[in-house]
Each structure stands twice: as structure tokens, then as C-alpha cells.
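In: just the structure for this:
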Amino acid sequence: MDEFWVFGYGSLMWNPGFAFQERVAARTFGYRRSLCVRSHVHRGTPECPGLVLGLDRGGSCRGVAFRVSSDDWTGVLDYLRERELVTNVYLERHLPLLLDDGRRLKAVGYVVDREHEQYAGALDTDEAAVIVLTANGKSGPNDAYVVNTVAHLKELGIRDLWLESVEAKVREKAQSPSQ
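Out: Below is the predicted model of the structure:
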């Protein structure tokens, strides 16, 4: 392997947690960003799971590709596996990417395992918002995760209309007197 690349589509985009030599906007095809993983650790508990992002089948997803130094490959891969494979809801894959500068390459990325018990499937925005509002995990409240994710995506020039709709419903429900 001449180069080692990592694809981030959620918090990895703005909080990679590892050293990299290059960071480039990128798109992968065949997968889309989705709030489809029930979080039992970071944004929820087994009793009250939250929702976090996964790459699910279909469409395409804009994110960020990171090129990692050959000296750091092993450490970065160990770190990513510890971070992303906590409950094994993700599958490690080599995803085809198209970088914004026109290069095509493969990168390590993490795709949701649709057979895993934590896979939430397709939720409507109301259902997702209710789950997000009630969950809290070791990394904090689930609603903060969604609000921060949408804000960071917008800073990077990435629009995710479904996730933005969930965030709007979360804000609306949080301000309603019945909550």
C-alpha cells in the first residue's frame, strides 16, 4: 500500500484524533450519512439509546479524506478501531473516494452493520428527534451531538437536508412547553 487514507463523514471530519499529512474534501458513492445507529455508550445507554451517524447503503456522502503518514498507519488504524468498533456496530471497509481535487482512491471508512442490534434503520424526522431529545451518554446529551454535527457540516460547506430537518425538530420540540 503506497498511501493510507481515512474517510470521515461525522465527528471524525472535525475531530479526527490522529495526525495526518493532508485533509481534502471527498465523496464516497453507494453510501449515505444517516442517523441510523442506536448509541448505547457515547450518546445514550442500553436502557435509553441515542442516535449517532453511520454510513448506510444508498446514495453518496460528502466528507473529508485524511492522508496518514506511513510511519503512523498502524497507530492510526489501532486508534480508529478502538474509537469506531466499541460495540462492533460498524464494519471497517475500504471505500472508493472521489476527492474534490479530482483524485480517486480508496480509504478506510466505517459502514453500519445492518444486521447489528443497534442498527435503527430508516426513521422519520419526528421519531429521530424524540429519541435524540431523551438520550444522554458518556460523551454528553444526544441533542448536542446532532446540533453540533449540523453546525460543523455547514462550516465545511456540507448540506445534509434530512439531518438538518431532524435538528430543526429537536430545537422545536426542546422549546415546546410539553417537553
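In: pLDDT weak spots in the chain?
Out: 1, 177-179 (pLDDT under 70).
In: just so I have it, where are all the strands in it?
Out: Using DSSP state E, the strands of the chain run over residues 4-8, 22-39, 50-68, 90-99, 104-112, 136-137, 140-141.
In: who touches the first one?
Out: Strand 4-8 is touched from outside by 12, 16, 18, 20, 26, 28, 63-68, 70, 73, 76-77, 80, 95, 97, 105-109, with contacts defined as C-beta atoms under 8 Å, 6 or more residues apart in numbering. (Each C-beta comes from the backbone N, C-alpha and C, glycine too.)
In: and the fifth one, by the same measure?
Out: Residues outside strand 104-112 that contact it (C-beta under 8 Å, 6+ apart) are 3-7, 9, 26, 28, 31, 34, 36-37, 54-56, 65, 77, 80, 84-85, 89-99, 119.
In: pull out the buried residues from those residues.
Out: 4-7, 9, 26, 28, 31, 34, 36-37, 54-56, 65, 77, 80, 84, 89-91, 93, 95-99, 119 (16 or more other C-beta atoms under 10 Å).
In: nearest residue to residue 65 other than its sequence neighbours?
Out: Counting by C-beta to C-beta, 6 or more residues apart in numbering, residue 26 is the residue found nearest to residue 65 once chain neighbours are left out, at 3.9 Å.
In: residue contacts, the one you found?
Out: 7, 62, 63, 64, 65, 97, 98, 99, 100, 107.
In: let's see that with 6 Å instead.
Out: Counting by C-beta atoms under 6 Å, 6 or more residues apart in numbering, residue 26 touches 63, 65, 97, 99.
In: the first one - nearest residue in space that isn't next to it in sequence?
Out: Put plainly, it is residue 63. Nearest non-adjacent residue to residue 63 (C-beta to C-beta, 6+ apart): residue 9, at 3.9 Å.
In: isn't the one you found right up against residue 34?
Out: No - between residue 9 and residue 34 there is no contact under C-beta atoms under 6 Å: 9.6 Å.
In: do you know how far the closest residue to residue 167 other than its chain neighbours is from residue 79?
Out: With sequence-adjacent residues excluded and distances taken as C-beta to C-beta, 6+ apart, residue 167 is closest to residue 150, at 4.5 Å. From residue 150 across to residue 79, the span is 26 Å (C-beta to C-beta, to the nearest Å).
In: how about residue 139?
Out: 16 Å.
In: just residue 151 next, same as before
Out: 25 Å.
In: again with residue 56
Out: In terms of C-beta to C-beta, residue 56 sits 24 Å off from residue 79.
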